[in-house]
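In: Here is a sequence together with a model predicted from it:
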Amino acid sequence: MGKIFEFIATGGYIGKINIAPATFGSLVSIPLIFITYINPLIIILTFSSLLMLGILSSNYMVDVSGERDPKCVVIDEITAFYMVFFPQKPDIWFLILGFLIFRILDIIKPFPARLMERLPKGWGIMLDDIVAGVYAFLLLKIIHLIPL
């Protein structure tokens, strides 16, 4: 079970890339978005599954590594970026804009993301990114309402 959890937590070992693992991890969500964003129920089931597996696999990686938030764990970015466009599939420009907004928010960790980081193990790893994803989602909704 350990190798499966490691595979999940690292986004298929993409998190093992030494340069910008979180950025590459976020990109893993893009195929999922285009495959599953056909039905809101499928999106919710996929997101719920990613969240549950993310918490479990992150717990495993914390236990194995002894680190509070192992850098190789990218399931948090995968899950959070996946939910940014709910419930519709984005066009390419909105995808790029959403990616940039999400990465910036994930890096700066606006309130209450920093507080979420303090939660134990996988909960803290996952929920701080979920907060960034929610903020990115809201910003994209606002931008979408404003005619450019």
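Out: Perfect, I can see it now.
In: after the helix or strand that contains residue 107 comes which helix or strand?
Out: Assigned by DSSP states H and E, residue 107 falls within helix 92-108. Using DSSP H and E, the next helix or strand after helix 92-108 towards the C-terminus is helix 113-117.
In: circling back: check which residues of the helix holding residue 107 are buried.
Out: For helix 92-108, burial by neighbour count (16 or more other CB atoms under 10 Å) applies to 94-95, 97-99, 101-103, 105-106. Where C-beta positions appear, they are placed from N, C-alpha and C, glycine not excepted.
In: And it, what does it pack against?
Out: Helix 92-108 is packed against helix 21-27, helix 75-82, helix 121-145, with contacts defined by 3 or more CB pairs under 8 Å, 6 or more residues apart in numbering; DSSP states H and E.
In: pLDDT on that helix, on average?
Out: Throughout helix 92-108, pLDDT has a mean value of 94.
In: Any chance you could list what contacts stretch 97-109?
Out: By CB atoms under 8 Å, 6 or more residues apart in numbering, the residues outside stretch 97-109 that reach it are 22-23, 26-27, 77, 80-81, 84-85, 90, 113, 117, 128-129, 131-133, 135-136, 139-140, 143.
In: quick one on the thing from earlier: and which of the buried residues of helix 92-108 is nearest residue 65?
Out: The nearest member of those to residue 65, counting by CB to CB, is residue 106 at 20.3 Å.
In: Please, which helix or strand holds the closest residue to residue 4 other than its chain neighbours?
Out: Using CB to CB, 6 or more residues apart in numbering and skipping the chain neighbours, the partner closest in space to residue 4 is residue 57 (8.0 Å). Element membership for residue 57 (DSSP H and E) is helix 40-65.
In: and that helix, what other elements does it pack with?
Out: Packing partners of helix 40-65 (3+ CB pairs under 8 Å, 6+ apart): helix 2-9, helix 29-36, helix 75-82, helix 121-145.
In: Columns mean neighbour count, distance to residue 64 and mean pLDDT on top of those, output as CSV?
Out: Formatted as CSV, the helices and strands packed on helix 40-65 follow (neighbours: other CB atoms under 10 Å; distance: least, CB to CB, whole Å; pLDDT from 0 to 100):
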stretch, mean neighbour count, distance to residue 64, mean pLDDT
helix 2-9, 16, 7, 96
helix 29-36, 16, 24, 93
helix 75-82, 28, 14, 97
helix 121-145, 19, 11, 94
